[in-house]
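Trainee: The following comprises the amino acid sequence and a computationally predicted model.
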Amino acid sequence: MGALRVFIVDDDRDFAESLALLIEGRDYQVELAFSGEEAIAKFREQDFDITFMDVRLPGKSGTESFLEIRKFRPSARVVMMTGYSVEQLLEQAVEHGAWGVLDKPIDVRQLLEMLERIKPDGILVVDDDADFMESIKNLLVEEGYTVFVATNGQEAIERIRSNGIDILILDLRLPILSGLETYLELKRTGHAVPTLIVTAYFDECADDVSKLQSLSVSGILRKPFDPRDLLDAVERLARTRKGKHNAE
């Protein structure tokens, strides 16, 4: 995972720029916008790991901008900031998935703690068993991860090529492309990410498992497995990714 991408939206330029300097000092990438319309336009062009958005903005308010962004970036993490009493606007934002609220003047420690809690960009779960896929997704979402799903290998490849995926949880038996074929294609095109293989057919797929182990996949789980084993594996991969980033 590259440097954490932080987006600050505030019409107070001095405040926004001073906050950006503070965050950049922690080796995060920072983008600025000074209106709701500008924030929406930038979100259409790129994604961010976390956004700090003032509630009171010229033109579209912060809440209105957030609600519009959520329509095309439903996984966006947005923290609303305000120095005013605007409970109704904040309640509306939180009801629609705002990640938190910060009061101005900003408590720097609280802001930095939020940045430290950011999980990997996204985890992609690929399985044609809808019930299994949904259960894994819910488990990971409850732990604070951003989770995407795909039902076949081709769909998985296209999703990973569009970026935003740090960890892949991949079933071996898939329609269109098998798990092995999917992983090999990702590796061939330079899009491979840390991958956790899951399979209910460990013995029948022994050859594929052996090939994947030789290709340094990050782990293999046999269905049914203890959910804690999955969470431990994902957390291990997340720490590894974060460690590599900090070492760069």
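Mentor: Nice, thanks for sending it over. Numbering: from 1, shown residues only.

Trainee: What residue spans form the domains of this protein?
Mentor: 5-116, 123-247 (automatic domain parsing).

Trainee: If you average pLDDT over each of those domains, which is lowest?
Mentor: Sorting the domains of the chain by mean pLDDT places domain 123-247 lowest, at a mean of 74.

Trainee: Which strand residues bridge the nearest residue to Val125 once chain neighbours are set aside?
Mentor: Spatial nearest neighbour of Val125, chain neighbours left out: Ile169 (4.6 Å); criterion: C-beta to C-beta, 6 or more residues apart in numbering. For every residue, glycine as well, the C-beta is placed using N, CA and C. For Ile169, the beta-bridge partners are Val125, Leu196 (DSSP bridges).

Trainee: what's the neighbour count on Ile169?
Mentor: Neighbours of Ile169 under the rule other C-beta atoms under 10 Å: 26.

Trainee: Do a quick rundown of the helices in this protein.
Mentor: Counting by DSSP state H, the chain has helices at residues 13-24, 36-45, 62-72, 87-95, 108-116, 130-142, 153-161, 179-188, 206-214, 227-247.

Trainee: Can you say which of those helices is nearest to Gly122?
Mentor: Nearest of those to Gly122, taken as C-beta to C-beta: helix 153-161 at 9.0 Å.

Trainee: Now do the same contact list for the residue nearest to Val125.
Mentor: Applying C-beta atoms under 8 Å, 6 or more residues apart in numbering to Ile169 gives the contacts 123-127, 136, 195-196, 198, 230, 234.

Trainee: Now with 10 Å, please.
Mentor: The contact partners of Ile169, by C-beta atoms under 10 Å, 6 or more residues apart in numbering, come to 123-127, 133, 136-137, 140, 147, 149, 194-198, 219, 221, 230, 233-234, 237.

Trainee: sorry, back to before: save the helices of the chain as JSON lines, and put in mean neighbour count too.
Mentor: Output for these, formatted as JSON lines (neighbours: other C-beta atoms under 10 Å):
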{"stretch": "helix 13-24", "mean neighbour count": "15"}
{"stretch": "helix 36-45", "mean neighbour count": "18"}
{"stretch": "helix 62-72", "mean neighbour count": "20"}
{"stretch": "helix 87-95", "mean neighbour count": "15"}
{"stretch": "helix 108-116", "mean neighbour count": "13"}
{"stretch": "helix 130-142", "mean neighbour count": "14"}
{"stretch": "helix 153-161", "mean neighbour count": "19"}
{"stretch": "helix 179-188", "mean neighbour count": "19"}
{"stretch": "helix 206-214", "mean neighbour count": "14"}
{"stretch": "helix 227-247", "mean neighbour count": "14"}
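
Trainee: Could you say which one of the ones you listed comes nearest to Val55?
Mentor: Of those, nearest to Val55 by C-beta to C-beta is helix 62-72, at 4.2 Å.

Trainee: so how far is the closest one from its chain's centroid?
Mentor: Distance of helix 62-72 from the chain centroid (C-alpha atoms, centre = their mean, to the nearest Å) equals 18 Å.

Trainee: repeat for stretch 44-64
Mentor: Distance, centroid of stretch 44-64 to centroid of chain: 18 Å (C-alpha atoms, centre = their mean).

Trainee: May I see the buried residues of it?
Mentor: 47-57, 60-64 (16 or more other C-beta atoms under 10 Å).

Trainee: Relative to Glu113, which of the residues you listed is nearest.
Mentor: Ile50 (11.9 Å).
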